[in-house]
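Q: pasting a predicted model and its sequence here:
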Amino acid sequence: MRSAVARKRATNGPDGILLVDKPAGWTSHDVVAKVRWLLGQPRTGHAGTLDPFATGLLVLCLGQATRLSEYVMAHEKTYTGEIVLGIATDTADCEGAVTARRPVPPLDGATLERLARQFTGRIAQVPPAYSAVKVAGQRAYDLARQGKAVELAARPVEVFELQLTLLAADRLRIDVRCGPGTYIRSLARDIGEALGCGAHLASLRRLRSGRFAVDEAWSVEELERLAGMGRAGEAVLPADEALLEHDCALLGPSGAAAFVHGNVHRAGGALRPAPAARVYSTAGQFLGVGAVDAGGSVQPVKVFRA
């Protein structure tokens, strides 16, 4: 007879959100591939990649919840890491080739506070050459690996909080809370350039993505143990956990039927306008995402099947 794990893999796996504490040395896709196999859910994707050297929170969307990844990716993120000063690399991290070595100036608290203020707020940031940003239809990292010059335009990102702590004469701790699309590698590189010595990101750990925290995440080993007991699905959160920051709308039986068939329906009660609201039936079933207009009508945006 096939094991419970094998039977689970032969079926469609669960829908929902899975929080994984990514280990160093794994790509984000490695984690996705592992989870697809363990949970038997081929429709699995991550909502915001982490570089192979980085660790920490990787939010995975499973099954129908893959349609909610855009909302998860829009969350602010919190990171901690270490910056090595005086050594620049072509990837702006510890995995790249060294491109320059320069002396590190003496640093004090006032200098670090000035740097933190300089890189806090809405800033223009150039992504690293080795990044997934597309240039003329190609990934920048593919062009860089071919030895081609990669020129990426600066784009606005937002850094809400930034703290720099001196760990050694040539090493800083960086703690940052930022908006989507911010590259911490670029922050490290630019901080080094602002000091005139160059720098690269030596380590990085993602602590939070929106309301999700790494303290709530599962290690790969823990997921393997659960899967061995046929219980891996217990680690999966309901899909609507991805949207708890959004307003919600309740629809009665006729409204719920209209919604799941893609039709607009006016909800009962007072609803404030929202481009994306969680929609539930009065029986408590999560129906999907709807746009609420000023009149309280709910337009289906993403409909979840039962």
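A: Structure's in. What do you need?

Q: what are the boundaries of the helices in the stretch 1-150 of the chain?
A: 4-9, 28-39, 69-73, 109-118, 140-145 (DSSP state H, counting those that start in this stretch).

Q: in terms of mean pLDDT, which of those helices ranks lowest?
A: Ranked by mean pLDDT, the helices of the stretch 1-150 of the chain bottom out at helix 4-9, with a mean of 40.

Q: show me where pLDDT drops low in the protein?
A: Across the chain, the ranges flagged by pLDDT under 70 are 1-11, 129-152, 269-270.

Q: can you list the domains in it?
A: 4-74+211-240, 77-209, 246-303 (automatic domain parsing).

Q: and the residue positioned nearest the centre of the chain, how far is that from R171?
A: In the chain, the centroid-proximal residue (C-alpha atoms, centre = their mean) is G48; its distance is 3.0 Å. G48 sits 27 Å away from R171, going by C-beta to C-beta, to the nearest Å. Bear in mind the C-beta positions are built from the backbone N, C-alpha and C, glycine included.

Q: list the contacts for G198?
A: Residues near G198 by C-beta atoms under 8 Å, 6 or more residues apart in numbering: 85-88, 99-102, 189, 192.

Q: now swap in Q118 and tell me
A: Applying C-beta under 8 Å, 6+ apart to Q118 gives the contacts A194.

Q: separation between it and V214?
A: 28 Å.

Q: again with E70
A: From E70 to V214 the distance is 22 Å (C-beta to C-beta).

Q: do P275 as well
A: Taking C-beta to C-beta, one finds P275 at 29 Å from V214.

Q: neighbour-wise, which of these two wins?
A: V214 (19 against 12; other C-beta atoms under 10 Å).

Q: I'd guessed that one sits against R206; true?
A: Yes - counting by C-beta atoms under 8 Å, V214 touches R206, with 6.7 Å between them.

Q: identify the contacts common to these two.
A: By C-beta under 8 Å, 6+ apart, the residues touching both V214 and R206 are 56-57.
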